[in-house]
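In: Pasting a predicted model and its sequence here:
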Amino acid sequence: MSDVRKEQIKLRAAYYNGVAIAIVAIGGLGVALATFRERSDLWTFGVAVFGLIGAAVLSIALREIAISSLAALDDE
């Protein structure tokens, strides 16, 4: 595997990892904190928790994609 291909794999993994972090920070924590600050009823709490869990699951999936793409470096 060429050095260029190795760097492309590393950059792709870094991108996926960055997107995963952004999803949790903005899509999960940001929305949850804003919701908790504005309202405190049970429905809003449930929606915020559901959104946070969804963002966390998506983030974990993207991180696993990044890790699997880095595993290709070990094969060579």
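Out: Right, received. Where do you want to start? Every value quoted in this text rests on a predicted model; they were computed, and no experiment measured them. Numbers count the residues shown, from 1 in each chain.

In: quick one: buried residues of the lowest-mean-pLDDT helix or strand in the chain?
Out: Within the chain, confidence by mean pLDDT, DSSP states H and E is lowest for helix 31-38 among all helices and strands, at a mean of 77. The neighbour-count check on helix 31-38 (16 or more other C-beta atoms under 10 Å) flags 32, 35 as buried. C-beta: built from backbone N, CA, C; applies to glycine.

In: Tell me the helices and strands packed up against that helix.
Out: If contacts are counted by 3 or more C-beta pairs under 8 Å, 6 or more residues apart in numbering; DSSP states H and E, helix 31-38 sits against helix 42-75.

In: Could you list the buried residues of the helix it packs on?
Out: 48, 51-52, 55-56, 58-59, 62-63, 65-66, 69-70.

In: between that helix and helix 31-38, how big is the angle?
Out: Interaxial angle, helix 42-75 versus helix 31-38 (axes from the mean of the first three to the mean of the last three C-alpha atoms, to 10 degrees): 160 degrees.
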